[in-house]
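S.K.: Next come a sequence and a model predicted from it.
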Protein chains: 2
Amino acid sequence: MHDERATTRIRLDLAYDGTAFAGWARQPGQRTVQGVLEDALATIFRRHAPAPQLTVAGRTDAGVHALGQVAHLDLDDEQLASLDLPHRPEAKRGPGGAEALRRRINGILGSDADARITAATVAPEGFDARFSAVWRRYEYRVADGATLLNPLLRGHTLAVADALDAAVMDQAARALPGLHDWAGFCKPRDGATTIRTLLDFSWCRGDDGVLRAEVLADAFCHSMVRALVGASLAVGRGRLGPADLVRIRDAAARGNEFPVAAAKGLTLLEVGYPEDGALALRAAQTRGVRQLP
Amino acid sequence: MHDERATTRIRLDLAYDGTAFAGWARQPGQRTVQGVLEDALATIFRRHAPAPQLTVAGRTDAGVHALGQVAHLDLDDEQLASLDLPHRPEAKRGPGGAEALRRRINGILGSDADARITAATVAPEGFDARFSAVWRRYEYRVADGATLLNPLLRGHTLAVADALDAAVMDQAARALPGLHDWAGFCKPRDGATTIRTLLDFSWCRGDDGVLRAEVLADAFCHSMVRALVGASLAVGRGRLGPADLVRIRDAAARGNEFPVAAAKGLTLLEVGYPEDGALALRAAQTRGVRQLP
């Protein structure tokens, strides 16, 4: 546990417009959310190396947005004490230190930045942004056919020319949740399980005509939400029937019946964590590979 | 009147993200909304010159957005007949022709464009997008101080570091409406009156923390909304008192007590027109220069 290293774990809640980022994960020569934030941390703690690194709840792909992303970092006492709180020195180790960090990071990013820290707090004992999480909730937005895409919202909404059948998409989506092997909706990655519990999947059309999918799972394998949405779009266009999605799920192997949907319509809305007392237990459970019962 | 030239007037309702436009009005070497739309019209009617030109309700500045902009154009019979409606030739002169024009323009702009036609209709007798309008309604959005600007909405929201006093801004704004000479809130233009009726001006803070101004007037002189907002921001920061706005208005001369607010927070929401029977009368009235009673 991080207490052995006499560090304080800080939870960061953050939001970003994914358009100009090559995803979350740091990559050489690419502008990524992790890269931009860790560069800001390196600047803030330049006299107190090593710079803190971030662990994130959901490693979003290039172009995917987030309003409720969660990450954590560990600060040693010297780093924590270095946070500049000239008027409230007593606050450095309490919530004030985390809030000072939030302001410093946002100050470096700029008031008009495409990423910002919405909250920073001292994490409860046992908290791990990735392994303590019990669910992730995503939204996907589609303006279809005659729906008049609001140009001010087009950065996070997919526009498709066809008119989609929202009712049949919703019917097909609601048949999918449960604990399954989602290999039919994943890009395989070595050593990563494709067994996940899809908790909720639905489609509805808003008053503005925009179709919204809500997708909730304990965790997602790679490109799973965009594959679920891509399959839904094929259903909405009548190219697949609603029962095909269950068939594809149960085949548990990725075929070529539908393409994944574009990243731009996808936003990570929220990450759920258990009560403070259950954080460490949950993290220990999650570190094991999920297996079918 | 346009009937003398045997033309059909089409009303276009349109929306645009102003970020990448140098405003509405066509300018050589600049990408403008009028330029992009008139270029699309020139393409659509390339075999039926001259290309139609647009008359607009509100000539927005560079960077200003619109969700409810209105424009009109006149098509001669040959142009109207040229609209490609292979399956419904009977519709060319009815509403179908205007709808076909909407689809053609949007097809040229692209489904992901920063401007699009939300509706196209055959205009009622006497309609003039500019001169028949009885009011224009704008919104201005500001994320201040600790308000957490949603990065997905930052393209049409101004971010300011100061915490603003929304109550005093609202109080100051509500004292301003009426028929006045607004030279204190305008950039003077040769031959253009600065006498306008401000119908409504208010500020409120939404559930998301974002401050929104609503500004309604029969018409606006140049940069008037941005000046009213700029003066409001000075009030919200305590640099001007609420009574100063009435004093500046009544001085009827532009001073340097506040800067105009940035274009990016401003969106034209709606243009109001009278009942069909009053359109021509209203247009005739408006063509005369407004005078104080």
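M.R.: Thanks, I have the structure now. Numbers count the residues shown, from 1 in each chain, chains lettered A, B, ... in the order given.
S.K.: Just confirm yes or no for stretch A:155-173 near chain B.
M.R.: Yes - using Cβ under 8 Å from any Cβ of the partner chain, stretch A:155-173 reaches chain B at A:155-156, A:159-161. (Each C-beta comes from the backbone N, C-alpha and C, glycine too.)
S.K.: where's the dip in pLDDT among these?
M.R.: Among the residues of stretch A:155-173 next to chain B, A:Ala161 carries the weakest pLDDT, at 86.
S.K.: does that residue really touch B:Gly110, like I thought?
M.R.: No - counting by Cβ atoms under 8 Å, A:Ala161 stays clear of B:Gly110, with 10.6 Å between them.
S.K.: quick one on the thing from earlier: ok, of the residues of stretch A:155-173 next to chain B, which come out buried?
M.R.: Buried members of those, counted by 16 or more other Cβ atoms under 10 Å in any protein chain shown: A:155-156, A:159-160.
S.K.: residues from the stretch 1-150 of chain A in reach of chain B?
M.R.: A:15-17, A:65, A:67, A:111-116, A:118, A:148-150.
S.K.: what's the closest non-adjacent residue to A:Ala22?
M.R.: A:Gln30 (3.9 Å; Cβ to Cβ, 6 or more residues apart in numbering or on different chains).
S.K.: sorry, back to before: could you dump the residues of stretch A:155-173 next to chain B into TSV and include secondary structure?
M.R.: Formatted as TSV, the residues of stretch A:155-173 next to chain B follow (DSSP: H, G, I helix; E, B strand; the rest coil):
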residue	secondary structure
A:Gly155	helix
A:His156	helix
A:Ala159	strand
A:Val160	strand
A:Ala161	coil
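S.K.: thinking again about what came up before, the residue nearest to A:Ala22 and A:Trp24 touch, don't they?
M.R.: No - using Cβ under 8 Å, A:Gln30 is not in contact with A:Trp24, being 11.0 Å away.
S.K.: shouldn't A:Glu270 be in contact with A:Arg137?
M.R.: Yes - A:Glu270 is in contact with A:Arg137 according to Cβ under 8 Å; the separation is 4.5 Å.
S.K.: what is in contact with the two at once?
M.R.: A:Gly68 (Cβ atoms under 8 Å, 6 or more residues apart in numbering or on different chains).
S.K.: show me where the stretch 151-293 of chain A has helices.
M.R.: A:166-174, A:224-236, A:242-251, A:279-287 (DSSP state H, counting those that start in this stretch).
S.K.: just so I know, which of these lies nearest B:Phe185?
M.R.: Nearest of the helices of the stretch 151-293 of chain A to B:Phe185, taken as Cβ to Cβ: helix A:166-174 at 46.1 Å.
S.K.: which strands and helices sit next to the closest one?
M.R.: Where contact means 3 or more Cβ pairs under 8 Å, 6 or more residues apart in numbering or on different chains; DSSP states H and E, helix A:166-174 is packed against strand A:195-205, strand A:211-217, helix A:224-236, helix A:242-251.
S.K.: so what's A:Val56 up against?
M.R.: By Cβ under 8 Å, 6+ apart, the contact set of A:Val56 is A:24, A:34, A:69-71, A:129-130.
S.K.: hmm, 10 Å instead?
M.R.: With contacts taken as Cβ atoms under 10 Å, 6 or more residues apart in numbering or on different chains, A:Val56 has the following neighbours: A:12, A:14, A:24-25, A:33-34, A:37, A:66, A:69-72, A:129-130, A:133, A:268, A:271.
S.K.: Tell me which of those residues fall in strands.
M.R.: Per DSSP state E, strands hold the following members of the contacts of A:Val56: A:12, A:14, A:66, A:69-72, A:268, A:271.
S.K.: before we move on, back to that, possible to save the helices and strands packed on helix A:166-174 as CSV with distance to chain B, mean neighbour count and mean pLDDT?
M.R.: Output for the helices and strands packed on helix A:166-174, formatted as CSV (distance: least, Cβ to the nearest Cβ, whole Å; neighbours: other Cβ atoms under 10 Å in any protein chain shown; pLDDT from 0 to 100):
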stretch, distance to chain B, mean neighbour count, mean pLDDT
strand A:195-205, 17, 18, 96
strand A:211-217, 14, 21, 97
helix A:224-236, 14, 25, 97
helix A:242-251, 26, 16, 95
